Each structure stands twice: as structure tokens, then as C-alpha cells.
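**Q** Take a look and give me a structure for this.
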Amino acid sequence: MLFMDIMTWEPKDNEEMDKRYRSWEYPKGYNVISEWLDISSCRFFIVYELDNEEAYARATFPWKDISKLETIPIMTPEKAIEIGLKMEAEMAKA
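**A** Alright, predicted model coming up:
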């Protein structure tokens, strides 16, 4: 399943965030699809797939002291349509 994290932090923490990110390695099981930095503010976006809950914990716990993390389950519009059509067909049979 796909997830997107939005990480935000205070401007005073820019230097520390940069320092940590430069040495950061995502844990095994946390498979990054893409990353973006909001160049107009203190936000970072990550789209990824997870193998398990431990990978999520290992990727997020080290940042809790300096940032706020919002995790959102996501899917492509095509996948949402596919699932919606499947559900409609199942409900029509019931």
C-alpha cells in the first residue's frame, strides 16, 4: 500500500533538519517512491510503500523530536476507479 508523509518543522530547525537528512538512510522495508522539498516553506513530502509496521516506526521515530509528521494512505485515481467499479459490481450481485 502507498503512503505519503508530510513532514513540517520550524524555520529555526532548518540547519538540524538538513544535517540529519544528509546522513539519513531509510530502513529496510521502507521503499521510497519519490521525495520532494517545498522550497517555499519548511515541508518535505515522501511517497513510499511499506513492508511492515517496524519499517514505519524506524523511519519516523528519529524525527519526532524536531518535526511534525502527517501520514496519509494514498492511491492513484486509476486504482481508486478500479476498486470502485469492483465494489459496485459486488453490491449489484447482493
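
**Q** Dihedrals phi and psi, the closest residue to residue 5 other than its chain neighbours?
**A** Closest residue to residue 5 apart from its sequence neighbours, by CB to CB, 6 or more residues apart in numbering: residue 46 at 4.6 Å. The C-beta positions use only the backbone N, C-alpha and C, and glycine is treated the same way. The phi and psi values for residue 46, taken as degrees, to the nearest 10, are phi -130, psi 130.

**Q** which residues touch residue 46?
**A** For residue 46, the contacting residues are 4-5, 7, 32, 34-35, taking CB atoms under 8 Å, 6 or more residues apart in numbering as the criterion.

**Q** which residues does it bridge with?
**A** With DSSP bridges applied, the residues forming beta bridges to residue 46 are residue 5, residue 35.

**Q** Look up how far residue 12 lies from it.
**A** Distance of residue 46 to residue 12, given as CB to CB, to the nearest Å: 22 Å.

**Q** between the contacts of residue 46, which is closest to residue 52?
**A** Using CB to CB, residue 32 is the member of the contacts of residue 46 that lies nearest residue 52, at 15.5 Å.

**Q** Just name whatever secondary elements whichever helix or strand that closest one is part of is in contact with.
**A** When elements are defined using DSSP states H and E, residue 32 is found to belong to strand 30-38. Based on contacts counted as 3 or more CB pairs under 8 Å, 6 or more residues apart in numbering; DSSP states H and E, the elements that strand 30-38 packs against are strand 43-50, helix 53-60.

**Q** Now distance to residue 21 and mean pLDDT too, for these, in TSV please.
**A** Written out in TSV, the entries for these read as follows (distance: least, CB to CB, whole Å; pLDDT from 0 to 100):
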stretch	distance to residue 21	mean pLDDT
strand 43-50	8	98
helix 53-60	12	97
